[in-house]
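[1] A structural model of the following input is requested.
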Amino acid sequence: MSISSITKIIKNQNKLTFSCITQYILRKSTKTKRLIY
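    Numbering: from 1, shown residues only. Next comes the predicted model:
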């Protein structure tokens with residue numbers, strides 16, 4: 001395992017968590033919108 005491969009893995013993990021968080025926020029916002037309307 002070289003340092004570059006480790007950083008690649010970390011970046012991929014960050015992308016995954018970021019997408020998960022954005023999807024979660026979007027779902028929450030749509031749920032609240034439904035409650036409002």
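
[2] What's the separation between Arg27 and Thr7?
    Distance of Arg27 to Thr7, computed by Cβ to Cβ, to the nearest Å: 30 Å. Every C-beta, even on glycine, is put in place using the N, C-alpha and C of the backbone.

[3] Okay, now the unreliable bits of this protein?
    Where the chain drops to pLDDT under 70, the residues are 1, 34-37.

[4] can you give me the helices in it?
    3-36 (DSSP state H).

[5] and Thr7, how many neighbours does it have?
    10 (other Cβ atoms under 10 Å).

[6] Equivalent analysis for Thr30, please.
    Residues near Thr30, counting by other Cβ under 10 Å: 10.

[7] again, but for Ile6
    10.

[8] do the same with Lys11
    10.

[9] what residues are up against it?
    For Lys11, no contacting residues are found, by Cβ atoms under 8 Å, 6 or more residues apart in numbering.

[10] Quick check: it vs Phe18, distance?
    Lys11 is 10 Å from Phe18, by Cβ to Cβ.

[11] do Thr32 as well
    Counting by Cβ to Cβ, the gap from Thr32 to Phe18 is 21 Å.
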